[in-house]
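1. Structural data only, the sequence is not supplied:
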């Protein structure tokens, strides 16, 4: 049953649901990318926004539309496709729940986007209180989260159905991974739902006067850090399962992949304090505990790095490669489905290393609130993750629309990946360097009254504008490729690559499917890491803050 | 003469096709990169705070 399901296409009805998510995601790429271009141009000091458009307004557009909308829609679509392919076509009921979720998310997105465009919600994508947006913005974000729960329900129902039909069998690897990410997302979004529904919505509606800023930021980061793993895990799905098949190799170990995903479920949530290391109101001992937990979440990423190198080397050697690095030459560099995500993998090395610096407790003072952090997450989410998503689109979009990735499009896709690498090296590199020199993040162009230190940052801001402009060209190219693959590419069959484990006789331990155990440990870790500091934040709270609209 | 025939010109270097030496070196490189970046910022920290 498993074998035959690997050769079939994703059902047309499921494909439509997936493509609906992708349309929203790629519209978001256009809007958010344009906002990003405007930002780097403003920050170069050579350009001013016309018609009274504010810098912080387009910064909010960029963050919300790319960080929250593009990612969530692409991931939900991708996971639906992965589950439909490996666990079987959704039932009508499951698919209907998915569609309901899609429409709730879309309505929420439009509501939030309209408020940002009307300049009623220039609160940046972290929407920190006491910056106060129009209540419709918060309502829109709530709908995005609620909708994503509905789409997640589709995945959970399919998984449960598969397990009932295949007792005693480990679930298909891709379905397992999509399920882990869905569960992590569900547990994490409770935090953001809580701050929005209990604190921010009543406050923006005027039902309560003030807000407890410490609590709202803590709830946000309880969600905000797993959010970055929610972005990353689908990229890992592609790296672990699809890339081996694309290069013609095998998955190094099915069990290792499952183990690393379980570790992400356990350790990616109780670590939000590493975003709040310089925040008053949280005891340093609890910050330290969460720093330790943060370092535990490094382990599955290092496992992934090892596993990928091993997959590549094993494949290269099976093709006759010799020497220490001969296997590198055997990899299919002319195949954009491999090369573009590979650039993403490479970017994850400096990205991960930078992340370890960020999370190193007192050392965070060197980089906190500097543009280094912006450079960091443009390597993680905006290169490692996004280039992998683009690499997935090159085969998944034509697979779903019954078309082919032509040689010409493959070539354009390669150029797109190279351009991204060049643009991001300039932009993110300059952000890292300027950040170490103290340049602040989240801020428009300023000479800070002619301060000598601020003058040091300007050449780096020009480098960011150069890099950002190259990235925008890459975005236009990507949109062209997407539209081609969705509507114009020649009809045909494009493979949905699902890798097989190198050792077929090794059955994944069933303990990995014991959700009572894993969710139980997840909840215990969260309670351990958050309960006492949370009580502190409420009991010893300073007077609440009124809302501010500084734009 | 007979001795010469026994000599073989072909060097048979056996390279284990399942070797993961390159992987070992690669992960060491990743570790090295992490340590260098961390130590670099650590000295900035000592210098500034």
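-> That came through fine. None of these values were measured; they are calculated from a predicted model.
2. Just give the number of residues close to residue A:165.
-> Summarising burial for residue A:165: neighbours were counted as other CB atoms under 10 Å in any protein chain shown, giving 11. No exception for glycine: its C-beta is placed from N, CA and C like everyone else's.
3. Show me which residues of chain B sit near chain A.
-> B:15, B:17-23, B:25-27, B:30, B:33-34, B:37-38, B:41-42, B:44-45, B:48-49 (CB under 8 Å from any CB of the partner chain).
4. 10 Å - rerun?
-> B:13, B:15-27, B:29-38, B:40-49 (CB under 10 Å from any CB of the partner chain).
5. which residues touch the closest residue to residue A:141 other than its chain neighbours?
-> Leaving out its chain neighbours, the residue that sits closest to residue A:141 by CB to CB, 6 or more residues apart in numbering or on different chains is residue A:112, at 5.6 Å. By CB atoms under 10 Å, 6 or more residues apart in numbering or on different chains, the residues touching residue A:112 are A:60, A:64-65, A:68-69, A:121, A:127, A:133-134, A:136-144.
6. can you rerun that using 8 Å?
-> A:64, A:121, A:136, A:137, A:140, A:141, A:144 (CB atoms under 8 Å, 6 or more residues apart in numbering or on different chains).
7. And the strand or helix carrying the fourth one, what's buried?
-> Spelled out, that is residue A:137. In this structure, residue A:137 is located in helix A:135-165 according to DSSP states H and E. Buried residues in helix A:135-165, counted by 16 or more other CB atoms under 10 Å in any protein chain shown: A:135-145, A:147-159, A:162-163.
8. so the closest residue to residue A:436 other than its chain neighbours is in which element?
-> In this structure, residue A:436 finds its nearest non-sequential neighbour in residue A:372, 6.1 Å apart by CB to CB, 6+ apart. Residue A:372 is part of helix A:371-379 when elements are defined by DSSP H and E.
9. Surely residue A:481 is in contact with residue A:414?
-> No: assessed by CB atoms under 8 Å, residue A:481 is found out of contact with residue A:414, at 10.6 Å.
10. So these two - more neighbours on which side?
-> Set residue A:481 next to residue A:414 and count neighbours by other CB under 10 Å: residue A:481 wins out with 24 against 18.
11. list the contacts for that one?
-> Contact analysis of residue A:481 by CB under 8 Å, 6+ apart lists A:393, A:394, A:409, A:412, A:413, A:416.
12. Next, give phi and psi for the residue lying closest to the first one once chain neighbours are set aside.
-> By the measure of CB to CB, 6+ apart, the closest residue to residue A:393 outside its immediate chain neighbours is residue A:482, 6.2 Å from it. According to degrees, to the nearest 10, the main-chain angles of residue A:482 amount to phi -60, psi -50.
13. what stretches of chain B score poorly on pLDDT?
-> B:1-16 (pLDDT under 70).
14. for it, longest helix please?
-> When chain B is parsed with DSSP state H, its longest helix is helix B:21-48.
15. For the stretch 401-550 of chain A, what lies in contact range of chain B?
-> Residues of the stretch 401-550 of chain A lying near chain B (CB under 8 Å from any CB): residue A:436.
16. quick one, helices of the stretch 401-550 of chain A?
-> Counting by DSSP state H, counting those that start in this stretch, the stretch 401-550 of chain A has these helices, from start to end: A:407-436, A:452-483, A:515-539.
17. Can you point out the buried residues in the longest one?
-> Spelled out, that is helix A:452-483. Quick answer for helix A:452-483 (16+ other CB under 10 Å): A:454, A:457-458, A:460-472, A:474-479, A:481-482.
18. what's the closest non-adjacent residue to residue A:81?
-> residue A:18 (4.6 Å).
19. just checking, that neighbour is part of a strand?
-> No: if the criterion is DSSP: H, G, I helix; E, B strand; the rest coil, then residue A:18 is helix and not within a strand.
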